[in-house]
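Q: Sequence first, predicted coordinates after that:
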Amino acid sequence: GAGVSQSPSNKVTEKGKDVELRCDPISGHTALYWYRQRLGQGLEFLIYFQGNSAPDKSGLPSDRFSAERTGESVSTLTIQRTQQEDSAVYLCASSLDRDDYGYTFGSGTRLTVV
Amino acid sequence: AQSVTQLGSHVSVSEGALVLLRCNYSSSVPPYLFWYVQYPNQGLQLLLKYTTGATLVKGINGFEAEFKKSETSFHLTKPSAHMSDAAEYFCAVTGRGNTPLVFGKGTRLSVIA
């Protein structure tokens, strides 16, 4: 596609429920990144993919968070048993490869846990 | 490891005045430095980047930044602010072969008419 697409744009969920956030990167971009942006905070790195593998999962805050990528395309970030502190905007970005630092960001998914 | 400090969470300038947003970095390897802008309800957009070569980098919308190794700084400037410049600005750093970008906490720029 022309840009990075994220869905849903907004998600309200009850505490304890599982959520799935989707990212559709630019076609041909092999590197894909997930960040979290809490209110008043900078971007917090979660995980990145080079192709379908995830060399760096160091940013995932707990084992409730997981992500996968298939076909060097779509990625899904899953949060299990959501907590109120998970409320944030989840941003996805892609780049041609890991050495291309001109990330293209999606508009994000605003997650609210009530 | 890399880190970024943005001085001032909120900067307010008058329309037509100089814009100066400060960014200091820490890096154990030669840094690559970036400025991104985020308009309300939009994703981040790359303004400019420094990787190698000329230390004064020009970006979109009249912004520029200068890499000063001795000061570990990469401040963002624009000679004359416009109302449309009101947004959140993020400085980011990485090192060659390192991924991903490490972002600062952002500076919100307000432009007063």
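A: Done, it's in.
Q: Run through the residues of chain A sitting next to chain B.
A: A:4, A:31, A:33, A:35, A:40-43, A:45, A:48, A:55-56, A:91, A:93, A:98-99, A:101-108 (Cβ under 8 Å from any Cβ of the partner chain). Every residue, glycine included, has its C-beta placed from N, CA and C.
Q: 6 Å instead?
A: A:Tyr33, A:Gly42, A:Leu43, A:Phe45, A:Tyr48, A:Arg98, A:Tyr101, A:Gly102, A:Phe105, A:Gly106, A:Ser107 (Cβ under 6 Å from any Cβ of the partner chain).
Q: where does the nearest residue in space to A:Ser66 that is not next to it in sequence land on pLDDT?
A: Distances taken as Cβ to Cβ, 6 or more residues apart in numbering or on different chains place A:Thr78 nearest to A:Ser66, at 5.0 Å, with adjacent residues excluded. Note on A:Thr78: pLDDT of 98.
Q: Ok, B:Lys78 next?
A: 98.
Q: ok, how many other residues are close to it?
A: 21 (other Cβ atoms under 10 Å in any protein chain shown).
Q: In the least confident helix or strand in chain A by mean pLDDT, which residues are buried?
A: Lowest by mean pLDDT, DSSP states H and E among the helices and strands of chain A is strand A:53-56, with a mean of 86. Buried residues in strand A:53-56, defined by neighbour count with 16 or more other Cβ atoms under 10 Å in any protein chain shown: A:Ala54, A:Asp56.
Q: Can you pull out the residues in contact with stretch B:22-31?
A: Stretch B:22-31 is contacted from outside by B:2-7, B:72-75, B:91, B:93, B:95, using Cβ atoms under 6 Å, 6 or more residues apart in numbering or on different chains.
Q: Can you tell me the element the most centrally placed residue in chain A falls in?
A: The centre of chain A sits closest to A:Trp34, judged by Cα atoms, centre = their mean, with a distance of 3.5 Å. Using DSSP states H and E, A:Trp34 falls within strand A:31-37.
Q: What would the helix or strand following that strand look like as PDB? C-alpha coordinates only.
A: For strand A:31-37, the following helix or strand on the C-terminal side (DSSP H and E) is strand A:43-50. C-alpha atoms of strand A:43-50 as PDB (Å, rounded to 0.1, in the frame of the first residue of the first chain):
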ATOM      1  CA  LEU A  43       7.900   6.400  22.100                       C
ATOM      2  CA  GLU A  44       8.700   3.100  23.900                       C
ATOM      3  CA  PHE A  45      10.200   0.400  21.700                       C
ATOM      4  CA  LEU A  46       8.400  -2.900  22.000                       C
ATOM      5  CA  ILE A  47       9.600  -5.300  19.200                       C
ATOM      6  CA  TYR A  48      10.900  -5.300  15.700                       C
ATOM      7  CA  PHE A  49      10.900  -7.800  12.800                       C
ATOM      8  CA  GLN A  50      13.400  -8.300  10.000                       C
END
